[in-house]
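>>> Need coordinates for the following:
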Amino acid sequence: MRIEKLEDDLLVAVGKQYESTTAIFLDGNRALLVDGMASREDGLELRRFVEEDLGKKVTFLVSTHYFSDHLAAWGLFPGVPIVAHRNYRQTFDGEAFRTEEEKRHFVEPTVIVDDGLEIAWGRFHLDVFYNPGHTLCSLAIDVPEADLLLAGDTVVGNIVYSTMGTRR
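Numbering: from 1, shown residues only. Down below sits the predicted model:
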C-alpha cells in the first residue's frame, strides 16, 4: 500500500489490487474513510496503518459506490456506520465482483443516502451527493476546504485534467 499525504489531516491510501484508493480524513483521534480497498490484504494493511501507525480509530465509512473493489475493508470495522446510496443493492447484485473473495467483501450499509448528506469532520465539510453514472448508486463528495472532489469511478480510463488558475 502506498500513502499519499494531501494535507496533515487528509491522506490517500493506494492499494496493490487494482490500485484501489481510500481517502482518510483525520479529526483528533478518529478517522473517516471514503472507500475501502479492493482486496482483504489491502484492507488489513489499511486498518493497520490507520489504527497502529496513525493511532486513530475509524468511526465512519463512506462508499462512493457498492462495487466490491471499494468494499474489502468494511468488514474489518464492525459496528462502524457505513454510508451508501439507496441503490447499493442493485449495483452489488449485478456484475460487481470479479472473484469469490470479492463476493465476501459485502457488508450491509447502515446509513442510506438518497439525494445527499453533509458531514462535518474536523475542519472539513464533506458534501456527499448523488451522482449516478458509472453505477446507479454512485455518490460523489465535494470537500471545499481541500479543493477536492472524490468521484469514485464516475470517470475512469484515459482522461485529461484541466484547471484554470486565478486570473489577476
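>>> For the rest of this, base every contact and every neighbour count on C-alpha atoms.
OK.
>>> how about the strands of the protein, start to end?
Ranges of strands within the chain are 2-7, 10-14, 21-27, 30-34, 57-62, 82-85, 111-113, 116-121, 124-130, 139-143, 148-150, based on DSSP state E.
>>> mind listing what the second one pairs with, with the direction of each?
The partner list of strand 10-14 in its sheet, established with DSSP bridges, is strand 2-7 (antiparallel), strand 21-27 (antiparallel).
>>> Which of those has the highest mean neighbour count?
strand 21-27 (a mean of 22; mean count of other Cα atoms under 10 Å).
>>> could you check the angle strand 116-121 makes with that one?
Counting by axes from the mean of the first three to the mean of the last three Cα atoms, to 10 degrees, strand 21-27 lies at 50 degrees to strand 116-121.
>>> Also compute the angle for strand 21-27 relative to strand 30-34, please.
150 degrees.
>>> Include distance to Leu139 and mean pLDDT when you put the strands paired with strand 10-14 into a markdown table, please.
As requested, these are arranged in a markdown table below (distance: least, Cα to Cα, whole Å; pLDDT from 0 to 100):
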| stretch | distance to Leu139 | mean pLDDT |
| --- | --- | --- |
| strand 2-7 | 21 | 96 |
| strand 21-27 | 14 | 97 |
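>>> Compile those strands into CSV and extend it with columns for distance to Ala73.
Listed next are the strands paired with strand 10-14 as CSV, based on distance: least, Cα to Cα, whole Å:
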stretch, distance to Ala73
strand 2-7, 16
strand 21-27, 10
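>>> Scan this structure for its longest helix.
Secondary structure assigned by DSSP state H gives helix 40-48 as the longest helix of the chain.
>>> now it, how far from the chain's geometric center?
14 Å (Cα atoms, centre = their mean, to the nearest Å).
>>> repeat for stretch 14-31
The answer for stretch 14-31 is 7 Å, by Cα atoms, centre = their mean.
>>> for stretch 112-127, same thing?
13 Å.
>>> One more: stretch 144-151?
Relative to its chain's centre, stretch 144-151 lies at 13 Å (Cα atoms, centre = their mean).
>>> And for stretch 4-17?
Counting by Cα atoms, centre = their mean, stretch 4-17 is centred 11 Å from the centre of its parent chain.
>>> what comes up buried for it?
Neighbour-count burial for stretch 4-17, with 16 or more other Cα atoms under 10 Å as criterion, is recorded at 10-15.
>>> Report the separation between the two terminal residues of that stretch.
Taking Cα to Cα, to the nearest Å, the first and last residues of stretch 4-17 lie 17 Å apart.
>>> next one: stretch 107-116
21 Å.
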